[in-house]
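K.L.:
Sequence plus predicted model, see below.
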Amino acid sequence: MTRLFRLWEHGQKGNNRGDWTRLFFLIANVESLRERAVPGAIAELGVYKGATAKILNMLAPERSVYLFDTFSGFDERDVKNDPSGTGPGRFNGSLDEVKQFVGTDAQVHYCKGVFPDTVSMVPNDERFALVHLDCDLYEPTKAACEFFYERLSPGGLLILHDYYSGCWPGVRQAVDEFLGDKPETLTLIPDKSGTAVLTKTAIKGRTFR
């Protein structure tokens, strides 16, 4: 546990420093998925330096982990009309550095490129127990909700970083639009990043594909 705390405090250029609420939230809920026997892999969209990805992999080493990122910062196509007004290249990272930090075990899958172009790297029958969205922008957030929601196991978690932080308005816009006709509601987490979480409900009589 001490190693987890150190990684969280000092990883990702210190962006997580002091945000203990989110760390404890991740620890408790990954354990809850195990206790409730929720099947499926873990995915993260918006890996940056790999701090959260490493934590999730350490907490659930038995699960496959899919890590989606351009590993070169925001793509020009995604920022062109984004309400944040940000520019391309922000949060530039290095795939080699992330691999060195997170690891190259067989269960860790690096999906480099612009989302959702990279979803072809996911097997058609893969399902997810936990998805962590930290992509900041409207277009990838919308695409991720559309892709992962149908593949989220009943009882699984869709974690939405920056949903109500006010820093990235496109995230909230995309999520609210997507959830307009869905049965779930969001739970807000009192961390410094404005995180929200959706727990997937099982719809009677429906087969998820």
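P.N.:
Happy to help now that I have it.
K.L.:
Do me a favour and get the end-to-end distance for stretch 46-55?
P.N.:
Stretch 46-55 has an end-to-end distance of 14 Å (CA to CA, to the nearest Å).
K.L.:
buried stuff in stretch 72-81?
P.N.:
72-75, 78-79 (16 or more other CB atoms under 10 Å). Where you see a C-beta, it was placed from the backbone N, CA and C, and this is true even at glycine.
K.L.:
Check stretch 98-106 too.
P.N.:
Buried positions in stretch 98-106, judged by neighbour count with 16+ other CB under 10 Å: 98, 101-103.
K.L.:
can you check stretch 138-155 too?
P.N.:
Buried residues in stretch 138-155, counting neighbours by 16+ other CB under 10 Å, are found at 138-145, 147-149, 151-155.
K.L.:
Flag the shaky bits of this structure, pLDDT-wise.
P.N.:
Scanning the chain for pLDDT under 70 picks out 1, 10-15, 203-209.
K.L.:
Please enumerate the strands of it.
P.N.:
Secondary structure of the chain, counting by DSSP state E: strands at 41-45, 65-69, 108-112, 128-133, 152-160, 186-188, 196-199.
K.L.:
So which of those strands is nearest Thr21?
P.N.:
Nearest to Thr21 among those is strand 186-188; the distance by CB to CB comes to 11.3 Å.
K.L.:
So which elements touch the closest one?
P.N.:
With contacts taken as 3 or more CB pairs under 8 Å, 6 or more residues apart in numbering; DSSP states H and E, strand 186-188 sits against strand 196-199.
K.L.:
10 Å instead, please
P.N.:
Applying 3 or more CB pairs under 10 Å, 6 or more residues apart in numbering; DSSP states H and E, one finds that strand 186-188 makes contact with strand 152-160, helix 169-178, strand 196-199.
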